[in-house]
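K.L.:
Got a predicted structure here, sequence first:
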Amino acid sequence: MDKQKLIRTIVTVAPVFLVPLITERKRIKEHPDVKRAADATGRASKKVAHKSVDFKDAVVDKSGDAKDYVVEKKHQYDQKRRLKQIAKQNDPKYIEKQEKKQEKKDRKEAHKLDKKLEKKAEKRRKQEAKVQKQNEKQRQKDLKKADKHMKKAGFTPSELDDAATQKSKQLTHEQVQNEQAELAQKDRRAATNQDNGAR
């Protein structure tokens, strides 16, 4: 169907239904069935309104009682909890347990600090060893430079002549002989003292 046709149809048919409704409105209101239906709906709406007000009041009363009950129970529960905590804090077993916990915690903390200290000490040792190696290398370099400088100057302290080497060997040999002689003399004295002590 076309829109225009639909509109024309509505315009021609609508007055057929609407005009009698508008003109007969008063007569419809005065009709006994309509009056009875209107009275019944009025009474029903009043009853529903009264019932809803009564229901609301009952709910408010009950919810107020429930709220008071819940508040009172919560207060009792909080009091019991506080009393248990106070009793628990004064209990020697609980105190001992707390002390053990604190001691364990302190030990853990000390262990952690000890590990940190060991790590720092190890790190420092490594750094010192590294610095010592660097210093040793530097000293060797300096000695080599000094030896080169001495050779250029004509003085060679690191090279010994044959005579000095012979003299060094002779002195070492004499020192060893002297030490052996002293040890032999001490052994003789010790043996003499033992013989005198045995008699």
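P.N.:
Good, I have the coordinates.
K.L.:
longest helix of the protein?
P.N.:
When the chain is scanned for its longest helix (criterion: DSSP state H), the result is helix 92-153.
K.L.:
Beyond that helix, next helix or strand please.
P.N.:
Per DSSP states H and E, the first helix or strand lying C-terminal to helix 92-153 is helix 162-198.
K.L.:
how far away is residue 49 from residue 55?
P.N.:
Taking Cβ to Cβ, to the nearest Å as the measure, residue 49 falls 11 Å from residue 55. C-betas here are computed from N, CA, C, even on glycine.
K.L.:
quick check, distance from the longest helix of the chain to the centre of its chain.
P.N.:
Taking the mean of its C-alpha atoms, helix 92-153 sits 28 Å from the chain's own mean (Cα atoms, centre = their mean, to the nearest Å).
K.L.:
go on, stretch 55-67?
P.N.:
For stretch 55-67, the distance to the chain centre is 49 Å (Cα atoms, centre = their mean).
K.L.:
hmm, what's the outermost residue in this structure?
P.N.:
residue 27 (86.0 Å; Cα atoms, centre = their mean).
K.L.:
which element is that one on?
P.N.:
Using DSSP H and E, residue 27 sits within helix 25-30.
K.L.:
Report the buried residues of that helix.
P.N.:
Using 16 or more other Cβ atoms under 10 Å as the burial criterion, none of the residues of helix 25-30 qualify.
K.L.:
what residues does it touch?
P.N.:
Here helix 25-30 makes contact (Cβ atoms under 8 Å, 6 or more residues apart in numbering) with 21, 34-35.
K.L.:
Same list, those residues, but as CSV with neighbour count, pLDDT and secondary structure please.
P.N.:
Formatted as CSV, the contacts of helix 25-30 follow (neighbours: other Cβ atoms under 10 Å; pLDDT from 0 to 100; DSSP: H, G, I helix; E, B strand; the rest coil):
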residue, neighbour count, pLDDT, secondary structure
21, 9, 77, helix
34, 12, 79, helix
35, 11, 82, helix
